[in-house]
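> Here is a sequence together with a model predicted from it:
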Amino acid sequence: MSKIVEEQIRRAKRAIDTALGDPDMLKSLAMFTYNKQKLLKGKALYQALDMLDAQQKKEYGEQFDATDALKEAKEEAKAMYMKHLRIARFALIDRGIWNALQLPGARSRSTFGWLRQASIFYDNIGPATEILKKYDLLPEELAQGKAMIQAVEEAYNRQQKEQIEAVESTARRTEAEVQLSDWMTKYEMAAQLALENAPQKLQILGFTPLNANARP
């Protein structure tokens, strides 16, 4: 839990739960609309934020795991793909097959672009297999390379999914932070009025009593 969210929840829990456990305080607050039912709504807000913060941590943990799995799968596939690419560039001379296999140029720096180049290579390699056999690059090894690229694609799709879910979980948590912050601001305003003559009770709730002379 981030320190900011942790402090927000701690402050709300203190201010709300303390009031709920004090009948006299409840009576004073109710005069400014903050009765038990309204305080329980505030309690639900901080509990929701607590839950969403935990979910956000879970989603980011899953994203980190997916990113690590993608990196591992890509590193394994890259070694085989680059070997096959070097052999194909040496063995094949036809301009058409070079284009079909995406042999010219550097490999893309993005995972999506790199996957696309590798997938096109293995998808279109069929007509070149007889030539490649002469260089000890057999169809079985090419099939293995294709399977490894497919594994990278699956890992990439999972990583993208987890990334989206992590971002969405952060957005939900941020919304809950705003809702609780707004509720607490109004609650503190009411408490300052309700407990104006009981500054010690305001301090028990975690609020700093306002200077009466500073009020208009």
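Arrived safely. Residues are numbered from 1 along each chain as shown.
> Apart from its neighbours in sequence, what residue is nearest residue 137?
By the measure of Cβ to Cβ, 6 or more residues apart in numbering, the closest residue to residue 137 outside its immediate chain neighbours is residue 87, 5.1 Å from it. Where C-beta positions appear, they are placed from N, C-alpha and C, glycine not excepted.
> Looks like that neighbour contacts residue 133 (just checking).
No: between residue 87 and residue 133 there is no contact under Cβ atoms under 8 Å: 10.9 Å.
> so where does the closest residue to residue 208 other than its chain neighbours fall, helix or strand?
Of all residues beyond its chain neighbours, the one nearest residue 208 is residue 202 (7.3 Å), with distances taken as Cβ to Cβ, 6+ apart. Residue 202 is part of helix 199-205 when elements are defined by DSSP states H and E.
> If you count contacts, what does that helix end up packed against?
Helices and strands touching helix 199-205, by 3 or more Cβ pairs under 8 Å, 6 or more residues apart in numbering; DSSP states H and E, are helix 3-20, helix 139-194.
> What about the residue nearest to residue 137, how many residues nearby?
Residues contacting residue 87 under the criterion other Cβ atoms under 10 Å number 15.
> so which strand or helix has it?
Here residue 87 is assigned to helix 36-91, by DSSP H and E.
> Flag every buried residue along the very next helix or strand once past that helix.
Under the assignment DSSP H and E, the closest C-terminal helix or strand after helix 36-91 is helix 95-100. Judged by neighbour count (16 or more other Cβ atoms under 10 Å), helix 95-100 contains these buried residues: 97, 100.
> ok, then the element right after helix 95-100?
Moving on from helix 95-100 towards the C-terminus, the next helix or strand you reach (DSSP H and E) is helix 111-123.
> Run through the neighbouring helices and strands of the helix or strand that that following helix is followed by.
Scanning the chain past helix 111-123 towards its C-terminal end, the next helix or strand to appear is helix 129-133 (assignment: DSSP H and E). Taking 3+ Cβ pairs under 8 Å, 6+ apart as the contact definition, the neighbouring helices and strands of helix 129-133 are helix 36-91, helix 139-194.
> before we move on, back to that, quick check: the residue nearest to residue 137 vs residue 138, distance?
In this view, residue 87 and residue 138 are 11 Å apart by Cβ to Cβ, to the nearest Å.
> Fine by me, we can end here.
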